[in-house]
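Asks: Predicted coordinates and the sequence they were generated for:
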Amino acid sequence: MAIKRFSNFSEEYIPLEGNKVKIDSMLNQEVLVTGYNIKRSKYIKEDNDKCLTIQFEINDVKKIIFTGSNVLIEQIEKYKNEIPFIAIIKKIDRYYTFS
């Protein structure tokens, strides 16, 4: 019987790289979304217990954003197979969205 190697079947977690920036500092700018991670938030809201980390590049510099935005979480989950993609993060009223 052939013995399997862990490296042949594992899906290793690779942490996202980049300097953390505030989402409001990145509004209305084109960014190249290169990765994401969704995990349980430390700060649970009544309608959301998830925290989204978005990894992106702007001017060839990697950065990351943390957000609990329901809209961004739904969009990234729906279009995860399209990554990498170029997007603009906009704030409309009280929520953030890709456009």
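Replies: That came through fine.

Asks: hey, C-alpha coordinates of the lowest-mean-pLDDT helix or strand in the chain in PDB?
Replies: Ranking every helix and strand in the chain by mean pLDDT, DSSP states H and E puts helix 6-9 at the bottom, with a mean of 76. Extracted in PDB, the C-alpha atoms of helix 6-9 (Å, rounded to 0.1, in the frame of the first residue of the first chain):
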ATOM      1  CA  PHE A   6       0.700  15.200   3.700                       C
ATOM      2  CA  SER A   7       1.800  17.800   1.100                       C
ATOM      3  CA  ASN A   8       0.000  16.000  -1.700                       C
ATOM      4  CA  PHE A   9      -3.500  16.500  -0.100                       C
END
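
Asks: got the residue ranges for the helices in the protein?
Replies: Taking DSSP state H, the helices of the chain run over residues 6-9, 70-78.

Asks: Residues in contact with the longest one: which ones?
Replies: Right, the one you point to is helix 70-78. The contact list for helix 70-78 (CB atoms under 8 Å, 6 or more residues apart in numbering) reads 33, 36, 38, 47-48, 50, 52, 54, 89, 95-98. For glycine as for every other residue, the C-beta is placed from the backbone atoms N, C-alpha and C.

Asks: In JSON lines: those residues, plus pLDDT.
Replies: Shown next, in JSON lines, are the contacts of helix 70-78 (pLDDT from 0 to 100):
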{"residue": "33", "pLDDT": "97"}
{"residue": "36", "pLDDT": "94"}
{"residue": "38", "pLDDT": "92"}
{"residue": "47", "pLDDT": "72"}
{"residue": "48", "pLDDT": "75"}
{"residue": "50", "pLDDT": "89"}
{"residue": "52", "pLDDT": "94"}
{"residue": "54", "pLDDT": "97"}
{"residue": "89", "pLDDT": "97"}
{"residue": "95", "pLDDT": "91"}
{"residue": "96", "pLDDT": "96"}
{"residue": "97", "pLDDT": "96"}
{"residue": "98", "pLDDT": "96"}
